[in-house]
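Peer 1: Sequence and predicted model, in that order:
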Amino acid sequence: MIEKRRFGRTGHMSTVTLFGAAALKNATQAQADRALDVLLEHGVNHIDTAARYGDAELRIGPWMREHRQDFFLATKTGERTYAQARDGIRRSLDRLRVDSVDLLQLHSLAHPGDWEVAMGPGGALEAAIDARAEGLVRFIGVTGHGWTIASMHRRSLERFDFDSVLMPWNFVMHENERYRDEFEAVCALCEERDVAVQTIKSIARGPWATTAPDRNTWYQPFETRADIDRAVHWVLAKPRVFLNTVGDLDLLPAVLDAAGRFEASPGDEALRTMVEERRATALFGIGT
């Protein structure tokens, strides 16, 4: 069985692997329904989607008729102004066929200009707060990618008491001293405030060398069972964090299977060897 951890102050006991619904971006309903069977088989009880994930919200909507009570449901708004975010939140609820979601996140809030708009007067954060007051969302989070996102999350947490954060974490990024220090600083602050920490890109091997093949991930993932096991177990060995599953439905069972067999970290040396042998690289260019 996949371990469950308390999702911060929400109190929800979420499986340590959250279903990253970016995998449904281009999926048919039949493919999505097969993915639901996989989630139920492994006991996954937390879905993380977003308005920007193509048809993902539309694919999840039919699941909610019978399974709303089985999942902590999270989505995201990538809008930056109050009016756009307000309308976007309601559109997401319609697409998901629900009256409310458990978590609404400000999506990919890394660019300083976007941050100022979204977090300022008349910004998306105010729309999220109002949606919470109306009972449309229960909790509010913030997400992002790239080398600067950990420091941006610290800035966001200084501005508002978010309930969750989401950012990349894998061994390649861990090896960058600056990112590692900033990531650990955010985790320490989140532990102090009881804020949930979600991680992404656990099995990312690097950017595709040329044009990506017919795969749903914009990055090249690790694909063998041994590599996926090592990458997943290394992330899950960090207390309190959650791992969002891969954006590739074909690899979803392997990630969940690895999570179900998690016992301990394989150790940094094992990851370092794997990264060197597979020539794994950072997704976001060279960190500074």
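Peer 2: Okay, I see it. Numbering: from 1, shown residues only.

Peer 1: Now do the strands in the stretch 101-250 of the chain.
Peer 2: 101-106, 137-143, 164-168, 196-200, 204-207, 219-221, 241-244 (DSSP state E, counting those that start in this stretch).

Peer 1: As CSV, the ones you listed with mean pLDDT, mean neighbour count and distance to Cys190 would be great.
Peer 2: The way it works is simple: take the backbone N, C-alpha and C, and place the C-beta from them, glycine included. Converted to CSV, the strands of the stretch 101-250 of the chain look like this (pLDDT from 0 to 100; neighbours: other CB atoms under 10 Å; distance: least, CB to CB, whole Å):
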stretch, mean pLDDT, mean neighbour count, distance to Cys190
strand 101-106, 98, 26, 14
strand 137-143, 98, 24, 11
strand 164-168, 98, 25, 6
strand 196-200, 98, 24, 5
strand 204-207, 94, 20, 22
strand 219-221, 92, 20, 25
strand 241-244, 98, 23, 9
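
Peer 1: Looking at these, spot the one closest to Ala270.
Peer 2: Across the strands of the stretch 101-250 of the chain, Ala270 has its closest neighbour in strand 204-207 (15.6 Å, CB to CB).

Peer 1: Using PDB, write out every CA atom in the closest one.
Peer 2: The C-alpha coordinates for strand 204-207 follow below in PDB (Å, rounded to 0.1, in the frame of the first residue of the first chain):
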ATOM      1  CA  ALA A 204      12.800  13.700 -15.100                       C
ATOM      2  CA  ARG A 205      16.000  12.600 -16.900                       C
ATOM      3  CA  GLY A 206      16.300  15.900 -18.800                       C
ATOM      4  CA  PRO A 207      15.000  17.700 -21.900                       C
END
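
Peer 1: could you say what helices and strands it packs with?
Peer 2: Applying 3 or more CB pairs under 8 Å, 6 or more residues apart in numbering; DSSP states H and E, one finds that strand 204-207 contacts strand 219-221.

Peer 1: Out of the strands of the stretch 101-250 of the chain, the one nearest Gly8 is which?
Peer 2: Among the strands of the stretch 101-250 of the chain, the nearest to Gly8 by CB to CB is strand 196-200 (3.3 Å).

Peer 1: any idea how far the closest one is from the chain center?
Peer 2: Centroid separation for strand 196-200 versus its chain: 6 Å, with CA atoms, centre = their mean, to the nearest Å.

Peer 1: which outside residues touch that strand?
Peer 2: Under the contact criterion CB atoms under 8 Å, 6 or more residues apart in numbering, strand 196-200 has outside partners 7-10, 18, 20, 48, 141, 143, 145, 163-170, 186-187, 190, 235, 240-244.

Peer 1: coming back round to it: looking at the strands of the stretch 101-250 of the chain, which is nearest to Ala85?
Peer 2: Closest of these to Ala85 is strand 101-106, at 8.2 Å (criterion: CB to CB).

Peer 1: tell me the helices in the chain, going along the chain?
Peer 2: For the chain, the helices defined by DSSP state H cover 29-42, 56-60, 64-67, 82-96, 112-119, 124-133, 149-159, 171-174, 177-193, 225-236, 252-260, 268-277.

Peer 1: any idea which of the ones you listed is most buried?
Peer 2: Most buried of the helices of the chain, by mean neighbour count (mean count of other CB atoms under 10 Å): helix 56-60, with a mean of 24.
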